[in-house]
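> No sequence on hand, only this structure:
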């Protein structure tokens with residue numbers, strides 16, 4: 001949060017609120033509010049559910065892919081895979097964006113070995129130093 005506050009041009013307010021759920025416990029969330037952040041929230045969370053649309057992918061570009069990789073990317077063998085907790089329908093805009101930009105992957109966001117290397121070359125400069133372990137193959 002400190003990095004976001006430093007990077008944002010202007011004042012950022014931190015607000016805690018409660019979202020009612022169907023279960024016994026309600027969900028508490030932390031929201032950052034500031035000039036320009038409201039529009040980003042509207043794009044990413046319409047009706048309080050995360051949605052990655054083609055518009056979001058066009059705006060975020062490689063920086064967004066770096067964030068997705070840091071969030072749910074992994075390497076198995078020579079293939080890369082993003083498991084960001086999204087359904088197949090929610091993965092479709094990411095799949096289209098990747099294939100349109102030369103990063104060949106399946107609809108389930110499994111990348112070919114060649115496109116995994118190309119993706120790493122493109123997003124490594126966008127990735128924070130603390131997330132560089134995501135570029136190393138997991139061993140069992």
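Arrived safely. None of these values were measured; they are calculated from a predicted model.
> Next SSE downstream of the worst-scoring helix or strand of the chain on mean pLDDT?
Lowest mean confidence among the helices and strands of the chain (mean pLDDT, DSSP states H and E): helix 2-7, at a mean of 64. For helix 2-7, the following helix or strand on the C-terminal side (DSSP states H and E) is strand 12-19.
> And the strands in the chain?
Per DSSP state E, the chain has strands spanning 12-19, 27-34, 73-76, 79-82, 110-111. These are given in chain order.
> The residue nearest to residue 16 when sequence neighbours are not counted and residue 19, how far apart?
Distances taken as C-beta to C-beta, 6 or more residues apart in numbering place residue 30 nearest to residue 16, at 5.8 Å, with adjacent residues excluded. Any C-beta I mention is one placed from the backbone N, CA and C, and that applies to glycine too. Distance from residue 30 to residue 19, counting by C-beta to C-beta, to the nearest Å: 12 Å.
> repeat for residue 31
Between residue 31 and residue 19 the computed distance is 10 Å (C-beta to C-beta).
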